[in-house]
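Engineer: structure here, sequence nowhere to be found:
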């Protein structure tokens with residue numbers, strides 16, 4: 001099991017955080033696209049680490065042309081010595097249009113076209129192949145020789161896509177190198193819905209599902225002691241209320257019979273009543289969506305939840321003294337022994 005942690009904070013903080021994380025034993029450093037652009041943080045982390053894999057988790061696809069994303073990935077893969085994995089996601093309609101100024105189209109088919117276009121671009125650079133890709137949403141039909149960055153010693157770039165709903169889960173198996181399971185996925189939803197669809201998608205096109213990444217899913221809620229854990233639980237409750245209000249994620253709520261709660265959360269979000277949404281998330285919901293435990297309890301709790309459904313899990317904690325740093329190293333080492341997909 002690979003163990004990942006986030007590359008958070010401002011750019012001037014990334015180098016030291018990345019070095020420290022690699023020293024603690026983390027296998028992967030992930031930069032999400034929420035408050036900060038992810039590719040710059042991955043670049044800095046690549047410069048200041050030697051072993052850890054590096055990934056966007058996730059970068060939002062559609063505001064960037066496939067050629068732009070392909071170019072950044074090509075450079076990062078070369079610079080990192082082959083340690084980069086591209087994590088892509090579609091975002092939801094409202095944020096795509098109103099935050100990222102990106103025109104909306106059916107996200108699943110568009111993402112398939114996006115990935116195929118990027119791979120056509122990489123093929124042209126690596127193999128001097130013709131620029132002749134024409135898809136439903138994207139075209140790549142021109143490449144002047146001076147514009148090509150040329151072959152890459154590490155030309156294989158894994159692409160992992162975020163998925164909550166079945167279309168993208170199937171796409172992850174058919175076209176991609178794995179799935180980044182959204183945090184707003186219960187462990188039952190992951191086992192019963194997402195993984196079977198990813199596996200079926202891979203097998204349908206003759207691919208071996210055991211070669212795929214199965215990343216993330218659920219929320220890890222932890223703290224040094226019960227007081228910290230209690231605060232973390234309530235932060236998770238608020239976060240779940242936010243995600244639960246998104247209609248695109250209704251299938252997750254529906255599997256557990258929480259259709260009315262999902263509709264209620266959506267109505268409150270439209271009215272801007274964010275604080276009133278939080279009590280809708282019950283303790284039962286928290287237990288379904290989260291791994292909850294103090295640092296001492298966490299390895300066993302994560303093994304119980306993640307065994308057999310992941311190849312990569314995330315854990316983040318900040319040490320304030322050498323003893324805590326040693327404990328974090330022990331936790332990471334224990335998490336690496338969790339059986340992965342196909343092993344449990």
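Structural biologist: It's in. Model, not experiment: these values are computed from the prediction.
Engineer: how about residues contacting the helix or strand of the chain with the lowest mean pLDDT?
Structural biologist: Within the chain, confidence by mean pLDDT, DSSP states H and E is lowest for helix 93-98 among all helices and strands, at a mean of 87. Helix 93-98 is touched from outside by 60, 62, 63, 90, 102, 103, 104, 248, with contacts defined as C-beta atoms under 8 Å, 6 or more residues apart in numbering. The C-beta positions use only the backbone N, C-alpha and C, and glycine is treated the same way.
Engineer: checking the last one next. Helix, strand or coil?
Structural biologist: Translated: residue 248. Under DSSP: H, G, I helix; E, B strand; the rest coil, residue 248 falls in the helix class.
Engineer: you'd agree it is up against residue 167?
Structural biologist: No - with contact defined as C-beta atoms under 8 Å, residue 248 does not count as touching residue 167 (11.1 Å).
Engineer: longest helix of this structure, counting residues only.
Structural biologist: Secondary structure of the chain per DSSP state H: the longest helix is helix 107-127.
Engineer: and the contacts of the next helix or strand after that helix?
Structural biologist: Moving toward the C-terminus from helix 107-127, the next helix or strand (DSSP states H and E) is strand 133-134. Outside strand 133-134, the residues within contact range by C-beta under 8 Å, 6+ apart are 116, 117, 120, 121, 139, 140, 141.
Engineer: give me the neighbour count for the closest residue to residue 185 other than its chain neighbours.
Structural biologist: Leaving out its chain neighbours, the residue that sits closest to residue 185 by C-beta to C-beta, 6 or more residues apart in numbering is residue 217, at 4.8 Å. Using other C-beta atoms under 10 Å as the criterion, residue 217 is surrounded by 29 other residues.
Engineer: beta partners of residue 158?
Structural biologist: residue 85 (DSSP bridges).
Engineer: that one: neighbour count?
Structural biologist: Neighbours of residue 158 (other C-beta under 10 Å): 18.
Engineer: cool, and residue 95?
Structural biologist: Counted with other C-beta under 10 Å, residue 95 comes out at 12.
Engineer: go on, residue 64?
Structural biologist: The burial count for residue 64: 18, using other C-beta under 10 Å.
Engineer: same thing with residue 12?
Structural biologist: 8.
Engineer: measure it to residue 303 for me?
Structural biologist: From residue 12 over to residue 303 the distance is 37 Å, taken as C-beta to C-beta, to the nearest Å.
Engineer: same thing with residue 14?
Structural biologist: 30 Å.
Engineer: who has more neighbours out of these two?
Structural biologist: A direct count of neighbours by other C-beta under 10 Å for residue 14 and residue 303 places residue 14 higher, at 23 against 18.
Engineer: so what does the host helix or strand of the more buried one touch, helix or strand wise?
Structural biologist: If you go by DSSP H and E, residue 14 is part of helix 11-24. Helices and strands touching helix 11-24, by 3 or more C-beta pairs under 8 Å, 6 or more residues apart in numbering; DSSP states H and E, are strand 28-31, helix 38-47, helix 322-335.
Engineer: mind putting these in a markdown table, distance to residue 156 and mean neighbour count included?
Structural biologist: What follows is the helices and strands packed on helix 11-24, written out as a markdown table (distance: least, C-beta to C-beta, whole Å; neighbours: other C-beta atoms under 10 Å):
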| stretch | distance to residue 156 | mean neighbour count |
| --- | --- | --- |
| strand 28-31 | 17 | 26 |
| helix 38-47 | 17 | 21 |
| helix 322-335 | 27 | 15 |
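Engineer: could you export the ones you listed as JSON lines, including distance to residue 146 and mean pLDDT?
Structural biologist: Below are these laid out as JSON lines (distance: least, C-beta to C-beta, whole Å; pLDDT from 0 to 100):
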{"stretch": "strand 28-31", "distance to residue 146": "31", "mean pLDDT": "97"}
{"stretch": "helix 38-47", "distance to residue 146": "24", "mean pLDDT": "97"}
{"stretch": "helix 322-335", "distance to residue 146": "46", "mean pLDDT": "96"}
